[in-house]
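K.L.:
what shape does this take:
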Amino acid sequence: MALDLQDSTTGTRGRDDLLLQKITGDLVAYRLVESNPPIARDFQSHYERGDRPNPTQHYKAFDWLGVSMFTQRNRVESFVQRARASGRPAWLAEVRLVRGHGMYVIYNSKTTHLEVFGFPQVLLGLVDHIDD
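P.N.:
Residues are numbered from 1 along each chain as shown. Predicted coordinates:
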């Protein structure tokens, strides 16, 4: 599924607009996970993990509530390499986001970054593959 990079209510596209879109087809996304095999915690938002948001960046609340994923594999591969170099466990998870699970994404057209909103257990069940 390609994301429709225009606002469904106005039919227009701003330069830096963030858009919220329901998953209506298959979309492959990639995420760094800290367990192999992954566990539900690997798909929890900062909020669900109990992390406190930055009070000076209230406009980025979606970052705190969503789960970061990317549409380009190489973006996550670089995160995995850096995490491993610093001694942290890290793997790349390929996740097939599919319709019918009540998931939403926030994105903009300038980046391959997604904020995914879904239940951790559901996201865990959508993992297609883990790279060693």
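
K.L.:
thought G125 was touching V98, still the case?
P.N.:
No. Assessed by CB atoms under 8 Å, V98 is found out of contact with G125, at 10.2 Å. Where C-beta positions appear, they are placed from N, C-alpha and C, glycine not excepted.

K.L.:
quick one, which of these two is more surrounded?
P.N.:
Between V98 and G125, V98 has the larger neighbour count (other CB atoms under 10 Å), namely 15 against 12.

K.L.:
now that one. Nearest residue, chain neighbours left out?
P.N.:
D26 (5.4 Å; CB to CB, 6 or more residues apart in numbering).

K.L.:
which ones are touching that neighbour?
P.N.:
M1, R96, L97, V98, R99 (CB atoms under 8 Å, 6 or more residues apart in numbering).

K.L.:
neighbouring contacts of stretch 124-132?
P.N.:
28, 33, 36-40, 42-43, 80, 91-98, 101.

K.L.:
and the longest helix for the protein?
P.N.:
Ranked by residue count under DSSP state H, the longest helix found in the chain is helix 73-85.

K.L.:
who are the packing partners of it?
P.N.:
Judged by 3 or more CB pairs under 8 Å, 6 or more residues apart in numbering; DSSP states H and E, helix 73-85 is in contact with strand 27-33, strand 91-97.

K.L.:
and the angle from that helix to strand 91-97?
P.N.:
Angle of helix 73-85 versus strand 91-97, following axes from the mean of the first three to the mean of the last three CA atoms, to 10 degrees, is 150 degrees.

K.L.:
which residues sit against helix 73-85?
P.N.:
Counting contacts by CB under 8 Å, 6+ apart, the residues touching helix 73-85 from outside are Y30, R31, L32, F70, P89, A90, W91, L92, E94, T112, H113, D131.

K.L.:
which among those end up buried?
P.N.:
Burial by neighbour count, judged by 16 or more other CB atoms under 10 Å, picks out Y30, R31, L32, F70, A90, W91, L92, E94, H113 from the contacts of helix 73-85.
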